[in-house]
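> Dropping a prediction and its sequence here:
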Amino acid sequence: MEESKMQTESANFIEQAIKEDLAAGNCPKKIHTRFPPEPNGYLHIGHAKSICLNFGIANEFGGITNLRFDDTNPTKEDTEYVDSIKEDVKWLGFTWDDRQFYASNYFDRLYEYAKLLIQKGRAYVDDQSMEQIKESRGDFSKPGTNSPYRDRSVEENLQLFEDMKAGKYQDGEKVLRAKIDMADPNIVMRDPVLYRIMHATHHRTGDTWCIYPMYDFAHPVSDAIEGITHSLCTLEFEVHRPLYNWVLEEWPADYKPRQIEFARLNITNMVMSKRKLRQLVEAQIVDGWDDPRMPTISGLRRRGYTPEAIRDFCQRIGIAKADSVVDVALLESCIRDDLKMKAPRSMVVIDPVKVVITNYPEGQTEMVTLENNQENESMGTRQVPFGREIYIEQNDFMEVPVRKFFRMTPGKEVRLKGAYIVMCNEVIKNEDGTIKEIHCTYDPETHSGSGCTRKVKGTLHWVEASQAVPMEVREYDYLLQTEDDQAGSKDFMEQINPHSLTIHQSLGEPLFSQTKPGDHYQFLRQGYFVTDTTSKPEHIVMNRIVGLRDTWAKKQKKAQEAKA
Ligand code: ATP
Ligand code: MG
């Protein structure tokens, strides 16, 4: 353990608990955690929090982390999800070495352990249906009632459980239940179901089994088998903790893993549940799990997020014991911070309008020099062609300017980035009144860097027409118009933003002819962009990651000013 590092970082309550366990000799010296996804969908940013926590904590204490697929529900799980989960964890920068496990690896041992519980009089086979069991559970104010099958003999229970395994019963005909207390104030403890019958083919064990352990049984046992020291899970499992411990009471080992709960990550304007994300995919509101609007790790990756930015985000949100909703602006701030020094600057005109510089010689072009990143000089400079015909942004021109419009407007001068000052003289319209082209003249004395001291208020980005590279620019907005209503009083499908994707036919400077999927850029004055995974030289597709304006920093500043 790096003692010095631990002292300088303010430890969260989980680190604190582990330190205490270590100091008191309550746990093995090698800290061992696990990340236990259910392979029933793609991972989302909430999982990233859990991944960073589990791998991060183990790493901090010199320990190790297992990747364990919690594959106990064969009807919902698939190897496609297993593969995507592995890819995402790796991409985030974490490694589980050879410790890739499945709860299904332990089906035999789980079965044997269930038999042991039966032998100890701690589990019984119940013939009631799931509805009857639910009904007899009681509620917060009413204790549950015992099943009429609760007092079966050990021998009968063992026989019935074996028969369940042998496939003698249909789905739902029987279950194995823990024999705890139907009057326990904690409803979770009222004889929870440990095993159910499901005649379904499992993606790994095939048709070997027709009974499957419930999560509450499989999870603690899997943890114990793997020698997990600290089992970190989200808050909704807090009420399950007594059951977690109960399940392991008969487990033959000195050390039993300790469950510690932390708050689930929620982010404004994002849905954070695989079930809901699947709904979006199936209703074709998005074009797959990796749609750049999705909060999945694969969606964020395609959107242009970097592992560094996501890890930084998880670090910055911290670990808390109370649920909260994080402002999506913080996530956006993290990717800006990461790309600020890394992403080369470039000029792309997203919604172009043509400008003709009437006093510039026809057929001539020249190269002008632009910095690749004014915040990071080591990225050098590049040459960009300039000529008689260029494009600028439609919204950088106003025929009748509003107040404080310092861009292009008739009779006013404006600077073209890295090139010259131009004066707008005339607007040529199409028959329908739309602008065909704008005519300007340039002043050859005003080349950038020539020492010209003439001041103009606006500087525009532009692209030379003859060498402009056509591209499709996809601009994204949030999928949800409001924060996801976690309480579920409103259907999230009704909050879907109908304008979450806007497609532009744009023009970029020549460097874009060489772009490859995954390349990051800052488009000057526009934001950060990434080349989409589907992009090809003959059809370039760029995704907007975020705009340039840091609303998070702004909000922080406002909050501080309010305090002062
Ligand atoms: P979902 O409701 O999205 O399906 P889940 O909890 O069912 O999530 P699992 O695959 O079972 O998904 O989760 C694997 C691990 O990730 C668990 O330890 C779980 O607690 C954690 N996790 C899931 N969602 C979040 C979240 N929003 N914030 C933090 N951790 C999460
Ligand atoms: Mg789950």
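Sure, I can see it. Ligands and ions are numbered 1, 2, ... in the order given.
> Which phi and psi values does the closest residue to ligand 1 within the chain adopt?
Residue nearest to ligand 1 within the chain (C-beta to the nearest ligand atom): G46, separated by 2.2 Å. Quick note: C-beta positions are derived from backbone N, CA and C, even for glycine. When read as degrees, to the nearest 10, the backbone of G46 gives phi -60, psi -40.
> Could you do T459 as well?
phi -130, psi 130.
> same question, V402
The phi/psi pair for V402 (degrees, to the nearest 10) reads phi -80, psi 170.
> follow-up on the earlier one: does the residue of the chain closest to ligand 1 really touch M270, like I thought?
No - shown here, G46 and M270 do not form a contact pair, counting by C-beta atoms under 8 Å, at 9.0 Å.
> So what sits opposite the residue lying closest to P74 once chain neighbours are set aside in the bridge?
Using C-beta to C-beta, 6 or more residues apart in numbering and skipping the chain neighbours, the partner closest in space to P74 is H202 (3.9 Å). Beta-bridge pairing of H202 under DSSP bridges involves G206.
> where do the strands sit along the stretch 1-150 of the chain?
32-35, 64-69, 100-102, 123-126 (DSSP state E, counting those that start in this stretch).
> And the stretch 251-400 of the chain, by the same measure?
Listed in chain order, the strands of the stretch 251-400 of the chain (DSSP E, counting those that start in this stretch) span 258-262, 265-267, 324-326, 345-346, 348-349, 352-357, 365-371, 381-387, 389-393.
> Out of these, indicate the one that is most buried.
strand 348-349 (a mean of 26; mean count of other C-beta atoms under 10 Å).
> E162 sits in which helix or strand?
helix 154-165 (DSSP states H and E).
> Let me know the next secondary structure element after that helix.
strand 175-178.
> Averaged pLDDT, that next one. What do you get?
Average pLDDT, strand 175-178: 98.
> I'd like to know which elements that strand is packed against.
Packing partners of strand 175-178 (3 or more C-beta pairs under 8 Å, 6 or more residues apart in numbering; DSSP states H and E): helix 107-119, strand 123-126, helix 130-135, strand 193-197, helix 241-247.
> Reformat those as TSV; add mean neighbour count and distance to T453.
Shown next, in TSV, are these (neighbours: other C-beta atoms under 10 Å; distance: least, C-beta to C-beta, whole Å):
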stretch	mean neighbour count	distance to T453
helix 107-119	18	79
strand 123-126	24	87
helix 130-135	12	81
strand 193-197	21	81
helix 241-247	19	71
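> could these go into TSV alongside distance to C27 and mean pLDDT?
As requested, those are exported to TSV (distance: least, C-beta to C-beta, whole Å; pLDDT from 0 to 100):
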stretch	distance to C27	mean pLDDT
helix 107-119	22	98
strand 123-126	28	98
helix 130-135	36	96
strand 193-197	26	98
helix 241-247	15	98
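> Turn the ones you listed into JSON lines, columns for distance to G167.
Formatted as JSON lines, the helices and strands packed on strand 175-178 follow (distance: least, C-beta to C-beta, whole Å):
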{"stretch": "helix 107-119", "distance to G167": "14"}
{"stretch": "strand 123-126", "distance to G167": "15"}
{"stretch": "helix 130-135", "distance to G167": "19"}
{"stretch": "strand 193-197", "distance to G167": "8"}
{"stretch": "helix 241-247", "distance to G167": "25"}
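> Now tabulate these in JSON lines and tack on distance to ligand 1.
Output for those, formatted as JSON lines (distance: least, C-beta to the nearest ligand atom, whole Å):
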{"stretch": "helix 107-119", "distance to ligand 1": "18"}
{"stretch": "strand 123-126", "distance to ligand 1": "24"}
{"stretch": "helix 130-135", "distance to ligand 1": "20"}
{"stretch": "strand 193-197", "distance to ligand 1": "18"}
{"stretch": "helix 241-247", "distance to ligand 1": "13"}
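> which stretch among those comes nearest N73?
Nearest to N73, of all the helices and strands packed on strand 175-178, is strand 193-197, at 9.5 Å by C-beta to C-beta.
> Next, the buried residues of stretch 429-446.
Residues of stretch 429-446 classed as buried: E437, I438, H439, C440, T441, Y442, T446 (neighbour count, 16 or more other C-beta atoms under 10 Å).
> ugh, wrong one, stretch 496-509
Neighbour counts over stretch 496-509 (16+ other C-beta under 10 Å) mark I496, N497, S500, L501, H504, S506, L507, G508, E509 as buried.
> Now do the contacts for the residue lying closest to H499 once chain neighbours are set aside.
Excluding the flanking residues, the one nearest H499 by C-beta to C-beta, 6+ apart is D477, at 5.9 Å. For D477, the contacting residues are N497, H499, S500, L501, T502, by C-beta atoms under 8 Å, 6 or more residues apart in numbering.
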